[in-house]
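Asks: Predicted model, plus sequence, below.
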Protein chains: 2
Amino acid sequence: VEREDQHRLAELLEPLHGADIADLLEQISPAERRGLLTLWSGHMDGETLSEIDESIREEVIEFLPREVLAEAVRELDSDDVVDILEDLEEPQQEIILDALEDADRVAVEQALAYPEYSAGRLMQRETVVAPQDWTVGQTIDFLRQEEWLPAQFYHVILVDPRMRPVGHVSLGRMLAARRDVRLNDITEDGFRTIRATEEESEVAYLFNQYHLISAPVVDENDRLVGVITIDDAMNVLDEEHEEDILRLAGVSEESSLADGVLETVRQRLPWLVVNLFTASLSAVVISMFEDTISALVALAALMPIVASTGGIGGTQSLAVAVRALATRSLTSSNAGRVVRRELLTGILNGTGLAIILGLAGTLIFGDPMLGIVLGLAMVANQMVAALGGALVPLTLNRLGFDPALASGTFVTTLTDVMGFFAFLGLATILLL
Amino acid sequence: VEREDQHRLAELLEPLHGADIADLLEQISPAERRGLLTLWSGHMDGETLSEIDESIREEVIEFLPREVLAEAVRELDSDDVVDILEDLEEPQQEIILDALEDADRVAVEQALAYPEYSAGRLMQRETVVAPQDWTVGQTIDFLRQEEWLPAQFYHVILVDPRMRPVGHVSLGRMLAARRDVRLNDITEDGFRTIRATEEESEVAYLFNQYHLISAPVVDENDRLVGVITIDDAMNVLDEEHEEDILRLAGVSEESSLADGVLETVRQRLPWLVVNLFTASLSAVVISMFEDTISALVALAALMPIVASTGGIGGTQSLAVAVRALATRSLTSSNAGRVVRRELLTGILNGTGLAIILGLAGTLIFGDPMLGIVLGLAMVANQMVAALGGALVPLTLNRLGFDPALASGTFVTTLTDVMGFFAFLGLATILLL
């Protein structure tokens, strides 16, 4: 279809939501993408543009005629423009800024002045405010006169004469109230403002924890500078989950399915090289016991069982701790109890596994001593795994790092080294 | 504080949001929880009750006096009551149902008739509707008269005479329109309804993809039966992320920090036992090469390096694929291209690692042949890792399973077995 018929293509894409067109652009191959954009780029609107994944957005923008780009960007709220601009190079940023009207350009430039990943970048500057002494009737009349309102808003923010937010009224309550009711009397409980310099992860936490729909953003003087809505917070939450999963697995978090092979290698190889060195630690430990292995080669075959099961136990404990830290249900007040629980769990799991493995080892090799060595090493390694899985992310978190970052390698290195050491060490003592 | 002063406690907890009180209850120890509930349970409100994690909710409900429970439950919208009831045993369900007024009880019982994890369970039955030929003025007058409105609503749903939704108007647009404007002329673009039998993961996807704030739910005759709002969808999204992280790590997804040791063992031990058996496959592979290891014991020390690096490579590829499947950016249309990219990435990563490891092996052991064996095994294993990491979740997904479930064990078993086999096999051929 893509090669020929421009009209047919426009017809097919016309009824689709911007997010679906963006997904389509991401999923087709680079060559198909170029073909499609050549035919269709004149129809690009702001919504589609802001839905496109950042990994291909630069490429797409280069294909757009200036006028189309300008038109698309002008439709958007300021937070979406900022989101697009953040990931672009200087010259492309300039093109888009030039396309904006003066007032919008100033708003966008001010937002870009806030640090990356701050509430200031996330917010839209367009707010709907009313003086705190207005009535419902006054407010509705004002909204009806207003030429321009944000595409989505859920509250009218009440401000004092110095533009400091003092409360907000949900549109539902305003619609249900009589015209002479004062806004001040129907403000929503649990009103809270967010500082423009707040980190976006904190913003996402607040929205999730308190079920916020929108929240006003204030500057250092508590004056209103913008508003963050739930869709922005949901985006951040989604990105953070992605980061957690990818970082736990040792993939750089900017990865995208649309990345090419070389880009993907660049994201993953460094981590593999780190692992190459940590895995060498296991090799060093094993080589300390070469005499033991020479004497009983079966040990070489059995040792990965203890190490691998330890790795899984550590990963379980780690995933629970990383997730609990992300949702803030693991804090300094219950860290001690959680670590104790993990340790006990490790001992019990280790004992269960030790019984199975010990019996199997005894039966298969006809040597109860070998079964005991397998069992003891298993218990020791599950204890280390459980402790490491909980303590590594807790420690990283306390030191101010992302608890998901590198945790996986730390913990599996720990369980590998401990698994080999405990098993071969015990075998040296008890079997030779 | 907890032991003595009831008033002081009430004072301290009074200003807190329900979600924070619920967090507090989860984080303290079981004994402290009992103490706190004994003193404070009379103050429990509906919001706090619905925020409490399901792992301790049953325990908390047993502490509440009947009247307090009844009062708390009556405050809630029907979807929150359903959410609480779902996780309770029969007798407790009865107590809560009895506490509800007749109309609410019927609504809740109808919701419970929908399958678990369906849109019907997620929705609230309370909707705000208007006939499609009404004007803004008529609607506002109607809302002002209405005694009872849902706690949160973001749209007025337009229905035809048979109660089938035909569009919806955002409250913002309604407030900005003149009284004589017809609702039909200001409906929102991108209106879509959700079937009550739809799975909740599909609902979360729709909200995330199309930035919905609320969406009407319809029965099999397209008649309106309820509405789902974004906070419900955000909850589902959050739970699914949790499931993904925990399942990838081999932890049963109902796990909670408030679970006791035995409960935690029950969630994790089965997976460890599975791993014990899959790890035994590696042992079998290694034991096939016992003669080779006897001849050159250093091989026993080196073999975990190839296996472990393969495990990390597989995990990277796996995490990317699981995440892409969850966000539906990996579909049958681009699966082939993604698998090809992973394979090429695996070959390049393997080559990079092979050069480092091969050189190191050659230098340390003074045997270039050993370096070549290490390098070749590394390339082979990274290829298998990359392919397995992508193909295992894709296959599970196509067969209708959760791609995160058990993927980790499959892939690491694959890379362990392949790592040991390639390395020891090549060593047997090239070194002996």
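Replies: It's in.
Asks: Spatially central residue in chain A, please.
Replies: Nearest to the centroid of the C-alpha atoms of chain A, with distances taken as CA atoms, centre = their mean, sits A:Glu240, at 1.3 Å.
Asks: That one contacts A:Arg323, doesn't it?
Replies: No. Look at A:Glu240 against A:Arg323 with CB atoms under 8 Å: they stay out of range, at 11.4 Å. Where C-beta positions appear, they are placed from N, C-alpha and C, glycine not excepted.
Asks: Might you enumerate the residues of the stretch 51-200 of chain A proximal to chain B?
Replies: Residues of the stretch 51-200 of chain A lying close to chain B by CB under 8 Å from any CB of the partner chain are A:53, A:128, A:140, A:143-144, A:146, A:149-150, A:152-154, A:170-172, A:174-178, A:190.
Asks: rerun at 6 Å
Replies: Residues of the stretch 51-200 of chain A found near chain B, taking CB under 6 Å from any CB of the partner chain as the criterion, are A:140, A:143-144, A:149, A:153, A:171-172, A:175-176, A:178, A:190.
Asks: Please narrow those residues to those residing in helices.
Replies: When DSSP state H defines the helices, the subset of those inside them is A:140, A:143-144, A:171-172, A:175-176.
Asks: Quickly note the distance from A:Gly314 to A:Asp402.
Replies: A:Gly314 is 18 Å from A:Asp402, where distance means CB to CB, to the nearest Å.
Asks: Of the two, which one has the most company?
Replies: When neighbours are counted by other CB atoms under 10 Å in any protein chain shown, A:Gly314 comes out ahead of the other of A:Gly314 and A:Asp402, with 32 against 19.
Asks: Contacts only, for that one.
Replies: Contact criterion CB atoms under 6 Å, 6 or more residues apart in numbering or on different chains gives A:385, A:388-389, A:411, A:415 as the residues in contact with A:Gly314.
Asks: Leaving out sequence neighbours, find the closest residue to it.
Replies: Excluding the flanking residues, the one nearest A:Gly314 by CB to CB, 6 or more residues apart in numbering or on different chains is A:Ala385, at 3.7 Å.
Asks: Burial check on the one you found, number of neighbours?
Replies: Around A:Ala385 sit 31 other residues, with neighbours defined as other CB under 10 Å.
Asks: shouldn't it be in contact with A:Gly311?
Replies: No. Between A:Ala385 and A:Gly311 there is no contact under CB atoms under 6 Å: 7.3 Å.
Asks: Spit out the residues that contact those two alike.
Replies: A shared contact of A:Ala385 and A:Gly311, defined by CB under 6 Å, 6+ apart, is any residue touching both; here these are A:Thr415.
Asks: C-terminal to the helix or strand hosting A:Glu11, what's the next element?
Replies: Under the criterion of DSSP states H and E, A:Glu11 resides in helix A:6-13. Next along the chain after helix A:6-13, taking DSSP H and E as the criterion, comes helix A:18-27.
Asks: Report the buried residues of that next one.
Replies: Taking 16 or more other CB atoms under 10 Å in any protein chain shown as the basis for neighbour counts, the residues of helix A:18-27 that come out buried are A:18-19, A:21-27.
Asks: circling back to that earlier point, ok, the residue nearest to A:Gly314 - contacts?
Replies: With contacts defined as CB under 6 Å, 6+ apart, the neighbours of A:Ala385 are A:310, A:313-314, A:415.
Asks: Farthest-apart pair in those, please.
Replies: A:Gly313 and A:Thr415 (7.2 Å; CB to CB).
Asks: These two: which has the busier surroundings?
Replies: When A:Gly313 is set against A:Thr415 and neighbours are counted by other CB under 10 Å, the residue ahead is A:Gly313, at 33 against 28.
Asks: OK, contacts around that one?
Replies: Residues in contact with A:Gly313, defined by CB under 6 Å, 6+ apart, are A:382, A:385.
Asks: Helix, strand or coil: sort out it for me.
Replies: Using DSSP: H, G, I helix; E, B strand; the rest coil, the secondary structure recorded for A:Gly313 is helix.
Asks: is stretch A:220-228 up against chain B anywhere?
Replies: No. Under the criterion of CB under 6 Å from any CB, stretch A:220-228 makes no contact with chain B; the nearest approach is 12.4 Å.
Asks: so how far does that stretch reach from one end to the other?
Replies: Across stretch A:220-228, the straight-line distance between its terminal residues is 17 Å, by CA to CA, to the nearest Å.
Asks: Give me the pLDDT value at the residue in the stretch 1-150 of chain A that chain B sits nearest to.
Replies: For the stretch 1-150 of chain A and chain B, the shortest gap (CB to the nearest CB) falls at A:Gln27, measuring 4.3 Å. With respect to pLDDT, A:Gln27 scores 85.
Asks: how near is it to B:Arg266?
Replies: Counting by CB to CB, the separation of A:Gln27 from B:Arg266 is 41 Å.
Asks: picking that back up, can you give me the separation between the residue nearest to A:Gly314 and A:Ser78?
Replies: Here the distance between A:Ala385 and A:Ser78 works out to 49 Å (CB to CB).
Asks: chain center to the lengthiest helix in chain A, what's the gap?
Replies: For chain A, the helix that runs over the most residues, judged by DSSP H, is helix A:332-365. Taking CA atoms, centre = their mean, to the nearest Å, one finds helix A:332-365 lying 32 Å from the centre of the chain it belongs to.
Asks: Select from the contacts of A:Gly314 the entry with the lowest predicted confidence.
Replies: Taking these together, the minimum pLDDT is found at A:Val411 (92).
Asks: quick one: contacts of the host helix or strand of that one?
Replies: Using DSSP H and E, A:Val411 sits in helix A:407-431. Outside of helix A:407-431, the residues within contact range by CB under 6 Å, 6+ apart are A:248, A:250, A:275, A:278, A:281-282, A:285-286, A:289, A:292, A:299, A:303, A:306-307, A:310-311, A:314, A:318, A:369, A:373, A:376-377, A:380-381, A:384-385, A:388-389, A:392-393.
Asks: Distance from the chain centre to it, please.
Replies: How far helix A:407-431 lies from its chain's middle: 33 Å, per CA atoms, centre = their mean.
Asks: what's the answer for stretch A:123-141, then?
Replies: Offset of stretch A:123-141 from its chain centre (CA atoms, centre = their mean): 34 Å.
Asks: if you average pLDDT over the helix or strand A:Leu97 falls within, what comes out?
Replies: Per DSSP H and E: A:Leu97 is located in helix A:90-99. If you average the pLDDT over helix A:90-99, you get 81.
Asks: Export only the CA atoms of it, formatted as CSV.
Replies: Extracted in CSV, the C-alpha atoms of helix A:90-99 (Å, rounded to 0.1, in the frame of the first residue of the first chain):
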residue,chain,number,x,y,z
GLU,A,90,19.6,22.7,19.2
PRO,A,91,18.8,23.4,15.5
GLN,A,92,15.6,21.5,15.6
GLN,A,93,14.6,23.1,18.9
GLU,A,94,15.1,26.5,17.2
ILE,A,95,12.8,25.5,14.3
ILE,A,96,10.0,24.6,16.7
LEU,A,97,10.4,27.6,18.9
ASP,A,98,10.2,29.9,15.9
ALA,A,99,7.0,28.2,14.9
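Asks: Flag the helix or strand of chain A with the lowest per-element mean pLDDT.
Replies: One helix or strand of chain A scores below all others by mean pLDDT, DSSP states H and E: helix A:6-13, with a mean of 76.
Asks: Tell me the spacing between A:Glu116 and A:Ala233.
Replies: Distance of A:Glu116 to A:Ala233, given as CB to CB: 17 Å.
Asks: between those two, who's got more neighbours?
Replies: For the pair A:Glu116 and A:Ala233, the greater number of neighbours falls to A:Ala233 (24 against 9), based on other CB under 10 Å.
Asks: Test my guess that the more buried one contacts A:Asn208.
Replies: No. At 7.2 Å, A:Ala233 does not count as touching A:Asn208 under the criterion of CB under 6 Å.
Asks: can you list the domains in chain A?
Replies: Using automatic domain parsing, the domain ranges for chain A come out as A:6-113, A:129-248, A:261-431.
Asks: State the next helix or strand along the chain beyond the helix or strand where A:Leu112 lies.
Replies: Here A:Leu112 is covered by helix A:102-113, with elements defined by DSSP H and E. Beyond helix A:102-113 in the direction of the C-terminus, DSSP H and E gives the next helix or strand as helix A:119-122.
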